[in-house]
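1. here you go, sequence then predicted model.
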Amino acid sequence: MAKKLDGQVALVTGASSGIGAAVAEALGAAGAAVAVNYHSDEAGADRTVAAIAAAGGRAFACQADVGDPEAVQNLFAKTIEHFEAVDIVVANSGIQKDAAFVEMRLDDWRKVLETNLTGQFLTAQAAARTFLRQGQRDVSRALGKIICMSSVHEVIPWAGHANYAASKGGLGMLMRTLAQELSEQRIRINSIAPGAIRTPINRDAWETEEARERLLRLIPYGRIGEPSDIGNAAVWLASDDSDYVVGTTLFVDGGMCLYPGFRDNG
């Protein structure tokens, strides 16, 4: 039985754990060969590769700091060396360095912007150049697909996280601008904006019953998201099922962006 992404090659940055790992595994399960990027967690990347292989897919791990232009170029070169092409790029790498605004260090501001925004710029630029260079392949209607990993905090302010929220707000405009510029060349660019997803990075928000109840008050749909929810969304955006979807942020958040605090204040 044919899979949605048969014959395609995907590159996922920050795929050693959490959302990135789930996206890489979902793309692999849908038939894509997957380049699993990691920054420092080699063991985590190896686990992602092993999970894809165990499900019958193909994958390899490749280290790169997405804030480094030379490293990003090398990442794409190694992917092409392994799989001969790139069709799907998920720019997922992201970090948090949280602090009250008046206490936030300039280094922490710069590092978050470098990874979360500049890193996505560099990844998307390398992807677009690769798509244009390799030309149309017969595996997809698009020349290539780029999926940027954003957050509900591209629209919801987040006190104590000014650097993170600014990076995601900037990413929303970057994605739409790139889509406007590149879509006529059949490069399809969209974003996914996760809400509260059950990953190790936010364990303190859902691990205890008290924390979980506080979090659920922000989610009208009444459950915390799973990494697989984002993986499923990525497969759809990477497939020809969404071929007419261009320059859109897909919010996968259980309704968090509906500002549920206002439900009884109309």
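-> Right, received. Where do you want to start?
2. so Asn37 makes contact with Leu75?
-> Yes - between Asn37 and Leu75 there is a contact under Cβ atoms under 8 Å: 5.9 Å. Bear in mind the C-beta positions are built from the backbone N, C-alpha and C, glycine included.
3. what sits in contact with each of the two?
-> Contact criterion Cβ atoms under 8 Å, 6 or more residues apart in numbering; residues bridging Asn37 and Leu75 by contacting each: 11, 13, 62, 64, 66.
4. contacting residues for the third one?
-> For Cys62, the contacting residues are 35-38, 75, 78-79, by Cβ under 8 Å, 6+ apart.
5. separation between it and Gly28?
-> Plainly put, Cys62 is 15 Å away from Gly28 if you go by Cβ to Cβ, to the nearest Å.
6. how about the nearest residue to Arg58, chain neighbours excluded?
-> Sequence neighbours aside, Ala33 is the residue nearest to Arg58 in space, at 4.3 Å (criterion: Cβ to Cβ, 6 or more residues apart in numbering).
7. who are the contact partners of the one you found?
-> With Cβ under 8 Å, 6+ apart, Ala33 has these contacts: 8-10, 57-59, 82-83.
8. for the stretch 151-266 of the chain, just list every one of the helices.
-> Remark: helices assigned in the stretch 151-266 of the chain by DSSP state H, counting those that start in this stretch are 162-182, 209-216, 227-238.
9. thought Ser140 was touching Val86?
-> No - using Cβ under 8 Å, Ser140 is not in contact with Val86, being 11.5 Å away.
10. settle it for me: which of those two has more neighbours?
-> Taking other Cβ atoms under 10 Å, Ser140 and Val86 do not tie; Val86 has more neighbours (25 against 20).
11. checking that one next. Helix, strand or coil?
-> coil (DSSP: H, G, I helix; E, B strand; the rest coil).
12. same question for the one 3 residues further on.
-> At Val89 the chain is in strand, as set by three-state DSSP.
13. now it, nearest residue through space, not along the chain?
-> Val89's closest residue in space is Ala127 (Cβ to Cβ, 6+ apart), at 3.9 Å.
14. chain center to the one helix or strand the one you found maps to, what's the gap?
-> Secondary-structure assignment from DSSP states H and E places Ala127 in helix 119-134. Centroid separation between helix 119-134 and its chain, computed with Cα atoms, centre = their mean, to the nearest Å, is 15 Å.
15. buried ones in it?
-> 119-124, 126-128, 130-131 (16 or more other Cβ atoms under 10 Å).
16. export stretch 103-120 to PDB, keeping only CA atoms.
-> Listed next in PDB are the C-alpha coordinates belonging to stretch 103-120 (Å, rounded to 0.1, in the frame of the first residue of the first chain):
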ATOM      1  CA  GLU A 103      16.700  40.300  34.500                       C
ATOM      2  CA  MET A 104      17.200  38.800  31.100                       C
ATOM      3  CA  ARG A 105      20.800  38.600  30.000                       C
ATOM      4  CA  LEU A 106      21.700  39.900  26.500                       C
ATOM      5  CA  ASP A 107      23.500  36.600  25.800                       C
ATOM      6  CA  ASP A 108      20.300  34.700  26.500                       C
ATOM      7  CA  TRP A 109      18.300  37.100  24.300                       C
ATOM      8  CA  ARG A 110      20.800  36.600  21.500                       C
ATOM      9  CA  LYS A 111      21.100  32.800  21.800                       C
ATOM     10  CA  VAL A 112      17.300  32.200  21.600                       C
ATOM     11  CA  LEU A 113      17.000  34.500  18.600                       C
ATOM     12  CA  GLU A 114      20.000  32.900  16.900                       C
ATOM     13  CA  THR A 115      18.500  29.400  17.200                       C
ATOM     14  CA  ASN A 116      14.800  30.000  16.900                       C
ATOM     15  CA  LEU A 117      14.700  32.700  14.300                       C
ATOM     16  CA  THR A 118      18.100  33.000  12.500                       C
ATOM     17  CA  GLY A 119      18.400  29.200  12.600                       C
ATOM     18  CA  GLN A 120      15.000  28.900  10.800                       C
END
